[in-house]
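> Here is the input, now give the coordinates:
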Amino acid sequence: MLDRATIGKVVIFGVGLIGGSFALALRRAGAARSIVGVGRSPEALARALELGIVDSVAASPAEAMRGADLVLIAAPVAQTEAILVSLLPYLEERTVVTDAGSTKADVVAAARRALGERCAQFVPGHPIAGAESNGPDAAVASLYVGKKTVLTPLAENPTAYVARVAAAWEACGAVVHRLTPSEHDKVFAAVSHLPHLLAFALVDDIASKPHADVLFQYAASGFRDFTRIAASSPEMWRDISLANQGALLGELDAYLAQLTAMRAMLAAGDGAALEGVYTNARRARRQWTGEIEAAEAPPPRNDAE
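Predicted structure coming up:
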């Protein structure tokens, strides 16, 4: 159970979908005394204030950081180091900083460069939730309910600091997991970063064809489902792709090999081989979705209670 006294003032750099939903979830849980928004867009900050996502907005890191208990950096990963540099002069001993970036090894390296000996106050994190929409209007209090949040603590993080970050995410309804930064980046290169790259590539390919209007006219639910994530922020996914370049290239090479093998099956008219791939994929996906449904199912009702 979250000790609300440990998370009085929350500062959020980036009040869009991720940061705004974090704020709304904490507010709904009664887990923060005050929430302050910081960002590069005055319009987004004004909208977050109008929507009641934040209690106030800060004109500078100095103003924002005064008396802060928890800071969330919910900005594109390429901005992390600059944000940490900007807040370092005002980082109080009581303050714990975390992030919501989709890559972790690069974020840890940035934090070590920016914070130096104060890096113990930075606990890296990544909420596994999102949507295609961006900005404060996309924020919802329920975004993290039942979803995983991965923390990748540093060796120098005090246990209490990690616990504070974990408790905040748990107050949002998230289930907290832990990985090393390297483990995190390898996992998400395969199951998140590569799928986004493929969705963007397919839609870009279709859009570049001379008869694109005809193709989109007949695209139906299968195309929509497969390409849904191509509506995500190009800036954010540019940064993620470059930040996790090594692991993503490895996954892309493995996928290209799979496509090459399947092309050979198709060219040879080898229906049995194609069906084998399709069958294995269907079996694996059904098992995976079944596990998700089981995990999200409500506990059985006990009529004797």
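> Next one, pLDDT for Ala58 please.
We note a pLDDT of 95 for Ala58 in this prediction.
> how close does it sit to Leu151?
Ala58 is 26 Å from Leu151, where distance means CB to CB, to the nearest Å. (Glycine included, C-beta is placed from N, CA and C.)
> low-confidence ranges in the stretch 1-150 of the chain?
Applying pLDDT under 70 to the stretch 1-150 of the chain picks out residues 1-6.
> try it again with 80
1-6, 130-133 (pLDDT under 80).
> ok, which stretches of it are strands?
9-13, 34-38, 56-57, 70-73, 96-99, 122-123, 125-127, 148-151 (DSSP state E, counting those that start in this stretch).
> helices or strands next to the fifth one in the packing?
Counting contacts by 3 or more CB pairs under 8 Å, 6 or more residues apart in numbering; DSSP states H and E, strand 96-99 is packed against strand 70-73, helix 80-87, strand 122-123, strand 125-127, helix 159-171.
> who touches that strand?
Outside of strand 96-99, the residues that reach it under the criterion CB atoms under 8 Å, 6 or more residues apart in numbering are 69-74, 80, 84, 87, 91, 107, 121-126, 161, 164-165, 168.
> ok so, going back, for Tyr278, which of the helices and strands packed on strand 96-99 is the nearest?
Judged by CB to CB, the one of those that comes nearest to Tyr278 is strand 125-127, at 32.0 Å.
> And for Ala171, the neighbour number?
Burial of Ala171 is recorded as 21 neighbouring residues (other CB atoms under 10 Å).
> So it versus Thr149, what's the distance?
Taking CB to CB, one finds Ala171 at 11 Å from Thr149.
> Equivalent analysis for Val57, please.
From Val57 to Thr149 the distance is 25 Å (CB to CB).
> Also Leu91?
23 Å.
> In terms of neighbours, single out the busier of those two.
Taking other CB under 10 Å, Leu91 and Thr149 do not tie; Thr149 has more neighbours (25 against 19).
> What's opposite the more buried one in the beta bridge?
Taking DSSP bridges as the rule, Thr149 bridges to Pro127, Val176.
> Any idea which of the strands of the stretch 1-150 of the chain gets closest to Leu248?
strand 125-127 (15.4 Å).
> which helices and strands does the closest one pack with?
Partner elements for strand 125-127 (3+ CB pairs under 8 Å, 6+ apart): strand 96-99, strand 148-151, helix 159-171.
> now the strands of the stretch 1-150 of the chain in a markdown table, with distance to Ile229?
Listed next are the strands of the stretch 1-150 of the chain as a markdown table, based on distance: least, CB to CB, whole Å:
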| stretch | distance to Ile229 |
| --- | --- |
| strand 9-13 | 24 |
| strand 34-38 | 26 |
| strand 56-57 | 30 |
| strand 70-73 | 23 |
| strand 96-99 | 21 |
| strand 122-123 | 27 |
| strand 125-127 | 16 |
| strand 148-151 | 17 |
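> for the ones you listed, which one sits closest to Leu115?
It's strand 122-123; of those, that one is closest to Leu115 (CB to CB) at 5.9 Å.
> who touches the closest one?
By CB under 8 Å, 6+ apart, the surrounding residues in contact with strand 122-123 are 84, 96-99, 111, 115, 151, 153-154, 157, 161-162, 164-165.
> Tell me the one among those nearest to Gly135.
Asp99 (19.1 Å).
> what's the longest helix in the protein?
helix 271-296 (DSSP state H).
> Point out the other helices and strands that that one packs with.
Using 3+ CB pairs under 8 Å, 6+ apart, helix 271-296 is in contact with helix 245-267.
> could you point out which element follows the helix or strand containing Leu215?
With secondary structure defined by DSSP states H and E, Leu215 is part of helix 212-218. Counting by DSSP H and E, the next helix or strand C-terminal to helix 212-218 is helix 221-227.
> residues of that following helix that come out buried?
The neighbour-count check on helix 221-227 (16 or more other CB atoms under 10 Å) flags Thr227 as buried.
> I would like the residues contacting that helix, please.
Counting by CB under 8 Å, 6+ apart, 199, 202-203 sit against helix 221-227.
> and the angle from the next helix or strand after it to helix 245-267?
Downstream of helix 221-227, the first helix or strand assigned by DSSP H and E is helix 234-243. Here helix 234-243 runs at 100 degrees with respect to helix 245-267, directions being taken by axes from the mean of the first three to the mean of the last three CA atoms, to 10 degrees.
> Output the contacting helices and strands for helix 234-243.
For helix 234-243, the packing partners by 3+ CB pairs under 8 Å, 6+ apart are helix 194-208.
> Buried deepest among the helices and strands packed on strand 125-127, which one?
strand 96-99 (a mean of 26; mean count of other CB atoms under 10 Å).
> Tabulate the CA atom coordinates of that strand in PDB.
In PDB, the C-alpha atoms belonging to strand 96-99 read as follows (Å, rounded to 0.1, in the frame of the first residue of the first chain):
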ATOM      1  CA  VAL A  96      13.600  10.800  -6.700                       C
ATOM      2  CA  VAL A  97      13.600  11.000 -10.400                       C
ATOM      3  CA  THR A  98      12.300   8.400 -12.800                       C
ATOM      4  CA  ASP A  99      11.400   8.200 -16.500                       C
END
